[in-house]
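Asker: build me a model from this:
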Amino acid sequence: WENFVTYTKEIDEHSFTVLAGYSAEDTRTTTTIVDTQGVSPFVPVYKNNLVSAFGRLSYDFSGKYLLEGSFRSDRSDKFPSKNKTAFFPAVSSGWVVSKENFWKEDSKIDYLKVRASWGQNGSWGNLPGNTDKTFITRLKGGNPIDYLGSIGAQITSFANENLVWETSEQLDLGVDLKAFNRRMNFSVDYYVKTTKDLIVNNGSLITPGSAGFVFSPFNAGTIENKGFEFELGYGDETKSGLTYNVNLNLSTLSNEVTEVLFVPEGTSIVGAGAPQNSDGITRFTKGLPVWYFYGYETNGIDPATGQINLVDTNGDGTVNNADKTMIGSPHPDVLYGGNVSLGYKNFDFNVQFQGTIGNDIMATYHQPSRPITNKPVHFYENRWKQAGDNASFPAAQYASTAYDTDLVVEDGSYLRVKQIQLGYTVPKSLTDKLHLNSLRVYMSLDDYFTFTNYKGLDPEIGNFGNNDIGVDRGYYPTPGKALFGLSLDF
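Answerer: Coordinates of the predicted model:
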């Protein structure tokens, strides 16, 4: 349930608004584990609750100067006893410059606002709960744990009593403007988002293989995202009755890990795995993008043998696992999108698109561990065949050695037309005869056109978790759809 109260007070040109609230939610899941040796059933309770108290104070002077501050307290039993509660403040300010007396009324710019904000919010990262408890079980896969005839027990997971809330802290500086009788709108923001104590649910990433059990969810470290965001829109109507609206957006992204916890200084947390790479294919390393691709750099194919030339990155004269390095990043440098809408009489036309620039994809869907699956044709067509060949990929007998190298890292940039739709609204004179309020027929192409150099099935790939973003494991691609339909309002 949620309750809040708001109070507003105006004194001359000063306006104050105070909000205070309290919310609570609670979900409990029980799992019964029955022991075949006659011991009473064990019923662990997984608590999923959140209790919050929050408040906000807003101040407005003559619609020109804006100031707001808020404070929030969150408590959840998903965290250990000493870290259940966390506090998250925020503050923002704005100045509507166009309302100042010095602003010219005949200015082409109708509205100009400068704003700044800073704030924090918390996340529990889909925690399962009970992370501060260590459970012991006599069952594995529903059967008693039996070692050479002796019944035993094992730890299910090791408790983490130091787990804390994940905190996202964001600084934003921005400008909004409207111009040409508000036909055009434009905004630009500079943002710095710092995620502290990033929660990773997969405790096996920091658990030694010799432990026999896995660690509970943990705080991996700190990551920073920063960049610019732009939005531009323009809309009008011509003398002939054609209406049009164009809206574009573009943002830049710089991603970096600034702190790594739980591992020795100068080392990394190993991320996602793949059968052909026992060292893992992603890494969490200070000074590099979060969960970047990890493997060997290559320097072409040996014309004499058809083998891959691996780069000795550390210069010690030997190529081994110590030479593996960053071979790609799943994070785009630029994200963009847009929408174009046209209308003329009873017809309407709409186009939506989106895309990325600068991100990489690691193609693991065609693994040598899957002998009966299809392989990419470029591995075959561009392979080394005979001595002297200047090939892009190794000889067939060495193909499996490519799967932990940059040969399977491709440019994932793309442009996808999300929708092209043409519609016609039946005139009211006709819908009245049909006893309808409105009738619109349309045809649409959804996700039908994608422009990319990526050789896989879909540049918008799925992933198992946050530590394998950009790793293509062969998820079913987004289907292109041709739709014909109508919408009725009775």
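Asker: what about Asn287, which SS state?
Answerer: Just so we're on the same page, residue 287 is Gly rather than Asn. Following DSSP: H, G, I helix; E, B strand; the rest coil, the label given to Gly287 is coil.
Asker: quick one, what contacts it?
Answerer: The contact partners of Gly287, taken as Cβ atoms under 8 Å, 6 or more residues apart in numbering, are 256-258. Every C-beta, even on glycine, is put in place using the N, C-alpha and C of the backbone.
Asker: can we see that at 7 Å?
Answerer: By Cβ atoms under 7 Å, 6 or more residues apart in numbering, Gly287 lies in contact with 256-257.
Asker: look up how far Val257 lies from it.
Answerer: 7 Å (Cβ to Cβ, to the nearest Å).
Asker: do Val18 as well
Answerer: For Val18 relative to Val257 (Cβ to Cβ), the value is 40 Å.
Asker: again, but for Ser210
Answerer: Ser210 sits 27 Å away from Val257, taking Cβ to Cβ as the criterion.
Asker: please say which of those two ends up with more neighbours.
Answerer: Val257 (23 against 5; other Cβ atoms under 10 Å).
Asker: any idea which element the more buried one lies in?
Answerer: Following DSSP states H and E, one finds Val257 within strand 254-260.
Asker: CA atoms only for that strand, dumped as CSV, please.
Answerer: Below are the C-alpha coordinates for strand 254-260, written out as CSV (Å, rounded to 0.1, in the frame of the first residue of the first chain):
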residue,chain,number,x,y,z
SER,A,254,31.4,6.6,-22.4
ASN,A,255,31.5,3.6,-20.0
GLU,A,256,34.2,2.7,-17.5
VAL,A,257,34.7,0.6,-14.4
THR,A,258,36.3,2.9,-11.8
GLU,A,259,36.4,0.4,-8.9
VAL,A,260,36.6,-3.4,-8.5
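Asker: now do the same contact list for Ile206.
Answerer: The contact partners of Ile206, taken as Cβ under 7 Å, 6+ apart, are 215, 218, 262-263, 269.
Asker: among those residues, which are located in strands?
Answerer: 215, 218, 269 (DSSP state E).
Asker: now the helices for this structure?
Answerer: Secondary structure of the chain by DSSP state H: the helices cover 377-381, 428-433.
Asker: among those, which comes closest to Pro459?
Answerer: The minimum distance between Pro459 and the helices of the chain falls on helix 377-381, with 15.7 Å, by Cβ to Cβ.
Asker: and the helices of the chain as a markdown table, adding mean pLDDT, mean neighbour count and distance to Pro394?
Answerer: Listed next are the helices of the chain as a markdown table, based on pLDDT from 0 to 100; neighbours: other Cβ atoms under 10 Å; distance: least, Cβ to Cβ, whole Å:
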| stretch | mean pLDDT | mean neighbour count | distance to Pro394 |
| --- | --- | --- | --- |
| helix 377-381 | 87 | 12 | 9 |
| helix 428-433 | 88 | 11 | 66 |
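Asker: in the stretch 351-490 of the chain, what residue spans correspond to strands?
Answerer: In the stretch 351-490 of the chain, the segments counted as strands under DSSP state E, counting those that start in this stretch are 360-363, 409-411, 414-425, 438-452, 471-472, 481-489.
Asker: the fifth one pairs with which strands?
Answerer: On the basis of DSSP bridges, the sheet neighbours of strand 471-472 come out as strand 360-363 (parallel).
Asker: and the partner strand, how far out from the chain's middle?
Answerer: Here strand 360-363 shows a centroid-to-chain-centroid distance of 16 Å under the convention Cα atoms, centre = their mean, to the nearest Å.
Asker: tell me the contacts of Asp279?
Answerer: Shown in contact with Asp279 (Cβ under 7 Å, 6+ apart): 270, 294, 321, 324.
Asker: need phi/psi at it.
Answerer: Main-chain dihedrals, Asp279, degrees, to the nearest 10: phi -80, psi 0.
Asker: Ala396 and Phe158, how far apart?
Answerer: Distance, Ala396 to Phe158, using Cβ to Cβ: 45 Å.
Asker: and what of Gln421?
Answerer: Look at Gln421 and Phe158: by Cβ to Cβ, they are 54 Å apart.
Asker: give me the low-pLDDT residue ranges for the chain?
Answerer: Where the chain drops to pLDDT under 70, the residues are 28-46, 125, 276, 367-374.
Asker: can we see that at 80?
Answerer: Applying pLDDT under 80 to the chain flags residues 27-48, 125-126, 128-143, 145-149, 153-157, 207-214, 274-278, 365-376, 462-465.
Asker: which residue lies farthest from the center of it?
Answerer: Most distant residue from the mean C-alpha position of the chain: Lys433, 50.0 Å away (Cα atoms, centre = their mean).
Asker: ok, what's across the strand from the residue lying closest to Leu445 once chain neighbours are set aside?
Answerer: Closest residue to Leu445 apart from its sequence neighbours, by Cβ to Cβ, 6 or more residues apart in numbering: Ile420 at 4.6 Å. Beta bridges link Ile420 to Val351, Leu445, judged by DSSP bridges.
Asker: pretty sure Ile420 sits against Met443.
Answerer: No. Ile420 is beyond contact range of Met443, at 9.1 Å (criterion: Cβ atoms under 7 Å).
Asker: compare these two (neighbour count), which wins?
Answerer: Using other Cβ under 10 Å as the criterion, Ile420 and Met443 rank with Ile420 on top: 17 against 13.
Asker: count the residues that sit near Asn277.
Answerer: With neighbours defined by other Cβ under 10 Å, the count for Asn277 comes to 21.
Asker: residues in contact with it?
Answerer: Residues near Asn277 by Cβ under 7 Å, 6+ apart: 295, 403-404.
Asker: now neighbour count and distance to Val426 too, for these, in TSV please.
Answerer: Formatted as TSV, those follow (neighbours: other Cβ atoms under 10 Å; distance: Cβ to Cβ, whole Å):
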residue	neighbour count	distance to Val426
Gly295	29	59
Tyr403	21	57
Asp404	25	60
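Asker: ok, so of those, who is nearest Trp95?
Answerer: For those, the residue nearest Trp95 by Cβ to Cβ is Gly295; the value is 50.0 Å.
Asker: quick one: that closest one and Leu407 touch, right?
Answerer: No. Using Cβ under 7 Å, Gly295 is not in contact with Leu407; the gap is 9.1 Å.
Asker: related to what we said a few turns ago, give the pairing partners of the strand holding Val257; include direction for each.
Answerer: Note on strand 254-260: by DSSP bridges, its sheet partners are strand 221-237 (antiparallel).
Asker: hmm, who's touching the partner strand?
Answerer: 183-196, 198, 243-261, 284, 290.
Asker: tell me where the stretch 201-350 of the chain has strands.
Answerer: All strands of the stretch 201-350 of the chain, identified by DSSP E, counting those that start in this stretch, fall at 214-215, 218-219, 221-237, 242-252, 254-260, 269-270, 282-284, 292-295, 298-301, 308-310, 325-328, 334-344, 347-357.
Asker: in the third one, what's buried?
Answerer: Across strand 221-237, burial judged by 16 or more other Cβ atoms under 10 Å covers 221-227, 229, 233.
Asker: any chance of the residues you listed in TSV, plus distance to Asp348?
Answerer: Output for the buried residues of strand 221-237, formatted as TSV (distance: Cβ to Cβ, whole Å):
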residue	distance to Asp348
Gly221	49
Thr222	47
Ile223	43
Glu224	43
Asn225	37
Lys226	39
Gly227	34
Glu229	29
Gly233	18
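Asker: nearest to Lys78 among these?
Answerer: The closest of those, once distances to Lys78 are taken by Cβ to Cβ, is Gly221, at 20.0 Å.
Asker: the closest one pairs with what?
Answerer: According to DSSP bridges, the partner residues bridging Gly221 are Val260.
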